[in-house]
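S.K.: Using only what follows, build the 3D model:
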Amino acid sequence: MSFTQTIDKHLNALCNNTQSKWVGSKYESIKKSPTTVKGDFGENLVVDLFKLIGRKVERINKGKGDFDVIEALTSTKYEIKLATEDVNGNFQFNGIKKEIGYDFVICIGVSPNDLWFNVFPKSKCNQLTVSMVKDGNETYKLTASKSTSSCWHVKPLNNEITFAMELEKYE
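M.R.: Below you'll find the model as predicted:
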(Lines give C-alpha, C1' and ligand atoms only; values in the text may rest on other atoms or scores of the structure.)
Protein backbone atom coordinates (compact mmCIF):
# COMPACT_ATOMS: atom_id res chain seq x y z
CA MET A 1 0.00 0.00 0.00
CA SER A 2 1.34 3.44 -0.90
CA PHE A 3 1.66 6.47 1.37
CA THR A 4 -1.34 8.16 -0.28
CA GLN A 5 -3.43 4.99 -0.09
CA THR A 6 -2.59 4.67 3.61
CA ILE A 7 -3.77 8.21 4.29
CA ASP A 8 -6.89 7.70 2.16
CA LYS A 9 -7.72 4.51 4.07
CA HIS A 10 -7.65 6.39 7.37
CA LEU A 11 -9.57 9.35 5.96
CA ASN A 12 -12.30 7.00 4.73
CA ALA A 13 -12.47 5.35 8.15
CA LEU A 14 -12.74 8.79 9.74
CA CYS A 15 -15.54 9.81 7.39
CA ASN A 16 -17.45 6.61 8.15
CA ASN A 17 -17.12 7.22 11.90
CA THR A 18 -18.17 10.87 11.80
CA GLN A 19 -21.59 10.49 10.20
CA SER A 20 -23.72 12.25 12.72
CA LYS A 21 -27.24 13.24 13.62
CA TRP A 22 -26.54 16.56 11.89
CA VAL A 23 -26.22 15.18 8.35
CA GLY A 24 -29.28 16.30 6.38
CA SER A 25 -30.83 18.04 9.39
CA LYS A 26 -32.63 21.40 9.36
CA TYR A 27 -29.81 23.17 11.24
CA GLU A 28 -26.84 21.34 9.73
CA SER A 29 -25.56 24.61 8.24
CA ILE A 30 -25.29 26.14 11.72
CA LYS A 31 -23.35 23.14 13.01
CA LYS A 32 -20.90 23.43 10.10
CA SER A 33 -20.40 27.19 10.48
CA PRO A 34 -17.36 28.80 12.12
CA THR A 35 -17.80 30.00 15.70
CA THR A 36 -18.06 33.70 14.82
CA VAL A 37 -20.72 33.01 12.20
CA LYS A 38 -22.69 30.97 14.75
CA GLY A 39 -22.45 33.83 17.23
CA ASP A 40 -23.64 36.35 14.67
CA PHE A 41 -26.57 34.09 13.82
CA GLY A 42 -27.56 33.87 17.49
CA GLU A 43 -27.25 37.61 18.12
CA ASN A 44 -29.18 38.55 14.98
CA LEU A 45 -31.87 35.97 15.78
CA VAL A 46 -32.35 37.37 19.28
CA VAL A 47 -32.57 40.95 17.95
CA ASP A 48 -35.28 39.88 15.52
CA LEU A 49 -37.14 37.95 18.24
CA PHE A 50 -37.18 41.09 20.36
CA LYS A 51 -38.59 43.01 17.40
CA LEU A 52 -41.27 40.35 16.84
CA ILE A 53 -42.53 40.92 20.38
CA GLY A 54 -42.53 44.70 19.95
CA ARG A 55 -39.37 45.57 21.84
CA LYS A 56 -36.75 47.92 20.51
CA VAL A 57 -33.23 46.58 20.88
CA GLU A 58 -29.90 47.33 19.33
CA ARG A 59 -26.95 45.05 18.71
CA ILE A 60 -23.92 46.87 20.09
CA ASN A 61 -20.56 46.94 18.30
CA LYS A 62 -21.43 43.80 16.30
CA GLY A 63 -21.58 41.85 19.54
CA LYS A 64 -18.02 42.64 20.56
CA GLY A 65 -17.56 43.99 24.06
CA ASP A 66 -19.20 43.68 27.47
CA PHE A 67 -22.61 42.72 26.11
CA ASP A 68 -24.26 42.06 22.76
CA VAL A 69 -27.71 43.67 22.83
CA ILE A 70 -29.30 46.53 24.73
CA GLU A 71 -33.01 47.19 25.09
CA ALA A 72 -33.78 50.84 24.37
CA LEU A 73 -36.63 51.45 26.82
CA THR A 74 -35.12 49.78 29.89
CA SER A 75 -31.38 49.88 29.08
CA THR A 76 -31.31 46.17 29.93
CA LYS A 77 -28.13 44.57 28.60
CA TYR A 78 -28.04 41.03 27.21
CA GLU A 79 -25.15 38.74 26.47
CA ILE A 80 -26.10 36.21 23.79
CA LYS A 81 -24.57 32.72 23.67
CA LEU A 82 -25.20 30.03 21.08
CA ALA A 83 -24.21 26.37 21.31
CA THR A 84 -24.93 23.33 19.22
CA GLU A 85 -26.06 20.11 20.86
CA ASP A 86 -23.23 17.84 21.96
CA VAL A 87 -23.14 14.04 21.72
CA ASN A 88 -24.89 13.75 25.10
CA GLY A 89 -27.79 16.00 24.07
CA ASN A 90 -26.57 18.95 26.15
CA PHE A 91 -25.36 22.42 25.23
CA GLN A 92 -22.01 23.90 26.24
CA PHE A 93 -22.34 27.68 26.34
CA ASN A 94 -18.77 28.95 26.51
CA GLY A 95 -17.09 32.19 27.43
CA ILE A 96 -19.51 33.54 30.02
CA LYS A 97 -17.84 36.29 32.01
CA LYS A 98 -18.77 37.20 35.57
CA GLU A 99 -17.00 40.55 35.73
CA ILE A 100 -18.78 42.16 32.77
CA GLY A 101 -21.67 44.65 32.87
CA TYR A 102 -24.64 42.76 31.43
CA ASP A 103 -27.96 41.95 33.10
CA PHE A 104 -28.91 38.64 31.46
CA VAL A 105 -27.44 35.87 29.35
CA ILE A 106 -29.73 34.53 26.64
CA CYS A 107 -28.64 31.04 25.64
CA ILE A 108 -29.72 29.69 22.26
CA GLY A 109 -29.27 25.95 21.82
CA VAL A 110 -29.31 24.37 18.39
CA SER A 111 -30.25 20.72 17.91
CA PRO A 112 -30.30 19.10 14.49
CA ASN A 113 -33.97 20.02 13.96
CA ASP A 114 -34.94 22.22 16.91
CA LEU A 115 -34.03 25.45 18.66
CA TRP A 116 -33.87 25.81 22.44
CA PHE A 117 -33.32 28.77 24.75
CA ASN A 118 -33.33 30.18 28.24
CA VAL A 119 -32.67 33.49 29.92
CA PHE A 120 -30.36 33.51 32.93
CA PRO A 121 -29.87 36.53 35.20
CA LYS A 122 -26.27 37.58 35.74
CA SER A 123 -26.66 36.80 39.43
CA LYS A 124 -27.26 33.16 38.55
CA CYS A 125 -24.35 33.13 36.07
CA ASN A 126 -22.12 34.36 38.88
CA GLN A 127 -22.62 30.88 40.40
CA LEU A 128 -20.87 29.15 37.47
CA THR A 129 -17.76 27.26 38.54
CA VAL A 130 -16.34 25.52 35.44
CA SER A 131 -13.60 27.81 34.15
CA MET A 132 -12.73 27.84 30.45
CA VAL A 133 -9.05 28.25 31.33
CA LYS A 134 -7.03 25.96 33.57
CA ASP A 135 -6.45 27.71 36.91
CA GLY A 136 -8.27 30.75 35.54
CA ASN A 137 -11.40 32.62 36.44
CA GLU A 138 -12.11 34.94 33.53
CA THR A 139 -14.62 32.95 31.49
CA TYR A 140 -16.92 30.10 32.41
CA LYS A 141 -18.87 27.28 30.81
CA LEU A 142 -22.60 26.86 31.28
CA THR A 143 -23.75 23.33 30.50
CA ALA A 144 -27.50 23.25 29.88
CA SER A 145 -29.77 20.25 29.56
CA LYS A 146 -33.15 19.82 27.90
CA SER A 147 -34.39 18.35 31.18
CA THR A 148 -36.25 20.84 33.35
CA SER A 149 -35.01 18.96 36.42
CA SER A 150 -31.62 20.63 35.88
CA CYS A 151 -31.17 24.14 37.29
CA TRP A 152 -29.36 24.93 34.02
CA HIS A 153 -31.82 23.92 31.32
CA VAL A 154 -33.14 25.11 27.99
CA LYS A 155 -36.70 25.16 26.73
CA PRO A 156 -38.07 24.70 23.22
CA LEU A 157 -37.97 27.90 21.18
CA ASN A 158 -41.16 27.29 19.22
CA ASN A 159 -42.28 30.85 18.58
CA GLU A 160 -41.96 34.44 19.72
CA ILE A 161 -44.57 33.91 22.44
CA THR A 162 -42.41 31.44 24.37
CA PHE A 163 -39.53 33.90 24.06
CA ALA A 164 -41.66 36.80 25.35
CA MET A 165 -43.01 34.76 28.25
CA GLU A 166 -39.53 33.90 29.44
CA LEU A 167 -38.40 37.53 29.32
CA GLU A 168 -41.48 38.64 31.25
CA LYS A 169 -40.44 36.47 34.20
CA TYR A 170 -37.69 38.98 34.94
CA GLU A 171 -39.67 42.21 34.64
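S.K.: quick one: the strands in the protein?
M.R.: 57-59, 69-71, 77-84, 91-97, 104-110, 115-121, 139-144, 155-156 (DSSP state E).
S.K.: residue ranges with poor pLDDT in the protein?
M.R.: Applying pLDDT under 70 to the chain picks out residues 15-19, 62-63, 65, 134-137.
S.K.: switch the cut-off to 90
M.R.: Within the chain, the stretches with pLDDT under 90 are 1-21, 23, 60-67, 87, 97-101, 126-139, 148-150, 170-171.
S.K.: buried residues in the top helix by length along it?
M.R.: As assigned by DSSP state H, the longest helix anywhere in the chain is helix 35-52. Buried residues in helix 35-52, defined by neighbour count with 16 or more other C-beta atoms under 10 Å: 38-43, 45-47, 49-50. Heads up, the C-betas are built off the backbone N, CA and C, glycines and all.
S.K.: Identify the residues contacting that helix?
M.R.: The contact list for helix 35-52 (C-beta atoms under 8 Å, 6 or more residues apart in numbering) reads 30, 33, 56-59, 62-63, 68-69, 71, 78, 80-82, 84, 106, 108, 160, 163.
S.K.: Check stretch 59-72 too.
M.R.: Stretch 59-72 is touched from outside by 39-40, 43-44, 46-47, 50, 55-58, 76-80, 100-102, with contacts defined as C-beta under 8 Å, 6+ apart.
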